[in-house]
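Asks: Build me a model:
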Amino acid sequence: NETLYVTNILSSTGELLGFSVSTLQATYSTSTDLDEPEGITTDKSGAVYVANTYGYNILKFEPPATAPVQTINDRKFRPTDVAIDSKGDIWVANWCTRVGCMPGNVREFSSAGKTMRTITCPNLITYTSLAIDRKDNVVVDGGGSSYGDAGEIKAGSRKCTALSELHLASAGGVQFLKNGNVTAIDQLDNVMRTYAKPTFSTLVATTTFYGVQYLSDTAFEPGDRYFFASSEGAQTVFEFAYPAGGSPVRALPYIYFPAGVAIARVR
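Replies: This next block holds a predicted model:
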């Protein structure tokens, strides 16, 4: 029982959509309290967490219910991605400040919504997306002074270390694979690169895309053989083989402005 969730940015609001992974048939839809929703993630129970950028908060949904069951106020910031660690804590990438779009950060909230810590990376100005591995290490990407960069926050640390070898001309989303390697979308170069653990300094695969540009987020299916990627420019969510890439395997077209993708696996 796997559901692909997609955030769709509309002109004055937004949607959270659900589709069966096996059939790509629509299974869920809500627009309640959404205002430019971007990055999303799911937890072990199947709940969906949404970085509600211009609501300046994180919303938790428990489908099939269409109203959020929890709202976490991310005061003064514009959240663009969210991830859950093994303790159930909620990690947020804040693109920039709410007023003036000054430099952003990474924030950790408890499952109850209490602010635990705020961390900045020495090489980042804006923060695009983040991912957490099984040991609670965090990788975050974003924009540096002249090009996209990435950083790592080791489990339990309050310090972010620059990942200088993880190349990003324009950050488009990071994800951990089950083997601990990291994938990173580069929107400008139109590729997804995979870097080997533990230092993420060695490039082990480059995934190219045929006829598809401006991919903004990815969600890997069980086994990491396939993944979904959202393309805002094409108004479509595509499925690709990993690491081959190439032409899409399947597609979900006619989504106005798909931003975030995530897969919920409920046993």
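Asks: List the buried residues in the lowest-mean-pLDDT helix or strand in the chain.
Replies: Using mean pLDDT, DSSP states H and E, strand 148-153 stands out as the lowest-scoring helix or strand of the chain, at a mean of 90. By neighbour count on 16 or more other Cβ atoms under 10 Å, the buried set for strand 148-153 is Gly148, Asp149, Ala150, Gly151, Glu152, Ile153. Bear in mind the C-beta positions are built from the backbone N, C-alpha and C, glycine included.
Asks: And that strand, how far out from the chain middle?
Replies: 14 Å (Cα atoms, centre = their mean, to the nearest Å).
Asks: Run through the neighbouring helices and strands of that strand.
Replies: Counting contacts by 3 or more Cβ pairs under 8 Å, 6 or more residues apart in numbering; DSSP states H and E, strand 148-153 packs against strand 138-143, strand 161-162, strand 171-176.
Asks: need the ones you listed in TSV with mean neighbour count and distance to Thr194, can you?
Replies: Formatted as TSV, these follow (neighbours: other Cβ atoms under 10 Å; distance: least, Cβ to Cβ, whole Å):
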stretch	mean neighbour count	distance to Thr194
strand 138-143	27	12
strand 161-162	14	19
strand 171-176	26	10
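Asks: out of these, nearest to Thr66?
Replies: Smallest distance to Thr66 across those (Cβ to Cβ): 26.2 Å, for strand 171-176.
Asks: relative to strand 138-143, how tilted is that closest one?
Replies: 170 degrees (axes from the mean of the first three to the mean of the last three Cα atoms, to 10 degrees).
Asks: For the helix or strand following strand 171-176, which strands pair with it and how are they oriented?
Replies: Counting by DSSP states H and E, the next helix or strand C-terminal to strand 171-176 is strand 182-186. Counting by DSSP bridges, the strands paired with strand 182-186 are strand 171-176 (antiparallel), strand 191-195 (antiparallel).
Asks: mean pLDDT for these: which is lowest?
Replies: For the strands paired with strand 182-186, the weakest mean pLDDT is recorded on strand 171-176, namely a mean of 93.
Asks: what's near enough to touch Asn105?
Replies: Counting by Cβ atoms under 8 Å, 6 or more residues apart in numbering, Asn105 touches Phe77, Asn94, Thr118, Ile119, Thr120, Tyr127.
Asks: Report the distance from the host helix or strand of it to the chain centre.
Replies: Using DSSP H and E, Asn105 sits in strand 103-109. Put simply, strand 103-109 sits 14 Å off its chain's centre (Cα atoms, centre = their mean).
Asks: Would you tell me what the next helix or strand after it is?
Replies: strand 115-119.
Asks: And that following strand, what's buried?
Replies: Buried residues in strand 115-119 (16+ other Cβ under 10 Å): Ile119.
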